[in-house]
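Peer 1: Here's a sequence, model it:
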Amino acid sequence: MKSLPVIVGLGEVLWDMFPDGPRFGGAPTNFVCSAAGLGRGQFEVMLASAIGHDELGRLAVAELTDHQVNIATVARVNYRTGQVNVTLDEHGHASYEFAANTAWDHLPWTNELEQLATRTNVVCFGTLAQRSDQSQRTIRQFVASTPPSCLRLLDINLRSPFWNQDVILQSLAQAGALKLNDSELPEIASLLQLRGSNEAVLAQIMERYSLKVIALTRGANGSLLLRDSGERSDLAGQSVHVVDTVGAGDAFTAALALGVLRGHRLDAVHHWASDVAAFVCTQAGATPRLPASLRLPQETVQ
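Peer 2: Numbering: from 1, shown residues only. Okay, here's the model as predicted:
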């Protein structure tokens, strides 16, 4: 029997503590929940992270299992499961306050992770989970251990004060694809001493780091995708009733990763990712159940 392609989210698992109660989250966690929902049986979707021996850890396992995410590489460590205090403005946009020294800061390198890395087809990793030395070492070792054919997708996540120049530069050097938003792009451009329009800066980043694809999300102003072949796709934002934006970018990233892996045309991938993100904006929390109409088609669109 042919094995399924392996999709890995690498990094933080946590609970977003909203005023009305906790909701499951964390960028790579949102990514894998969305990927599993969109792929629905076409991929082996796994999370590489760490949780505590506490009630939130138990609930995290239940959530991941319910979303059909493989938890074999979710370690149990002697630190509390990650939490984030979330506040929403009048437009539903979120701000975050991260608890310090939690389980995902202590992601251990294990034989299971080493074996998983060698058979990974897509790994999505970010910068936030590299705020601690231990998790940073594990993340870099995992990404470096993936095969050359693996799509190494860096989701820039600039949560101050949990990033620095070294983390950004080392992560870009390991990446094969990049996703960032329009508030993060000026920071990266300044760091890399790049000038020009957004698209010009992205093209320079793509060339400097030999990236296959770059996605720039712009909130209500839509998104832009560029491919190393010269292919580009620029979409306006969709008009939807926003409940909150938490997890929308991660769902976009999941659709992008699956579409690129399946070899879909860039414009087709972009429209699909935009539809997925727009749906998530209409739902509460970061990992809503995705309707069957948004699932990845079985047939590859060339």
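Peer 1: Residue 164: how many residues sit nearby?
Peer 2: Residue neighbour count, defined by other C-beta atoms under 10 Å, stands at 12 for residue 164. For glycine as for every other residue, the C-beta is placed from the backbone atoms N, C-alpha and C.
Peer 1: Can you name the residues bridging to the closest residue to residue 257 other than its chain neighbours?
Peer 2: In space, residue 257 comes closest to residue 122 once its chain neighbours are excluded; the distance is 4.9 Å by C-beta to C-beta, 6 or more residues apart in numbering. Judged by DSSP bridges, the bridge partners of residue 122 are residue 7, residue 151.
Peer 1: can you offset everything so residue one is 26?
Peer 2: From this message on, residue numbering opens at 26, which makes the last subject residue 147.
Peer 1: With the flanking residues excluded, which residue is spatially nearest to residue 285?
Peer 2: Using C-beta to C-beta, 6+ apart, the nearest residue to residue 285 is residue 238, at 5.9 Å.
Peer 1: cool, and residue 134?
Peer 2: Spatial nearest neighbour of residue 134, chain neighbours left out: residue 163 (4.7 Å); criterion: C-beta to C-beta, 6+ apart.
Peer 1: so where does that neighbour fall, helix or strand?
Peer 2: Secondary structure assignment for residue 163, by DSSP states H and E: helix 158-170.
Peer 1: helices or strands next to that helix in the packing?
Peer 2: Where contact means 3 or more C-beta pairs under 8 Å, 6 or more residues apart in numbering; DSSP states H and E, helix 158-170 is packed against strand 31-35, helix 136-143, strand 147-151, helix 190-199.
Peer 1: Send me that helix as CSV with only the CA atoms.
Peer 2: Extracted C-alpha coordinates of helix 158-170, given in CSV (Å, rounded to 0.1, in the frame of the first residue of the first chain):
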residue,chain,number,x,y,z
ASP,A,158,17.1,27.7,23.0
GLN,A,159,15.9,24.1,23.3
SER,A,160,13.0,24.4,20.9
GLN,A,161,15.1,26.5,18.5
ARG,A,162,17.7,23.7,18.4
THR,A,163,15.0,21.0,17.8
ILE,A,164,13.2,23.0,15.1
ARG,A,165,16.4,23.7,13.2
GLN,A,166,17.5,20.1,13.5
PHE,A,167,14.2,18.8,12.3
VAL,A,168,14.0,21.1,9.2
ALA,A,169,17.7,20.3,8.4
SER,A,170,16.8,16.6,8.6
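Peer 1: got the angle between it and strand 147-151?
Peer 2: 150 degrees (axes from the mean of the first three to the mean of the last three C-alpha atoms, to 10 degrees).
Peer 1: Beyond the longest strand seen in the chain, next helix or strand please.
Peer 2: Criterion DSSP state E: the longest strand present in the chain is strand 69-77. Where DSSP H and E defines the elements, the next helix or strand beyond strand 69-77 is helix 80-91.
Peer 1: who does the lowest-mean-pLDDT helix or strand in the chain pair up with?
Peer 2: None of the helices or strands of the chain scores lower by mean pLDDT, DSSP states H and E than strand 119-123, at a mean of 79. Partners of strand 119-123 in the sheet, by DSSP bridges, are strand 107-113 (antiparallel).
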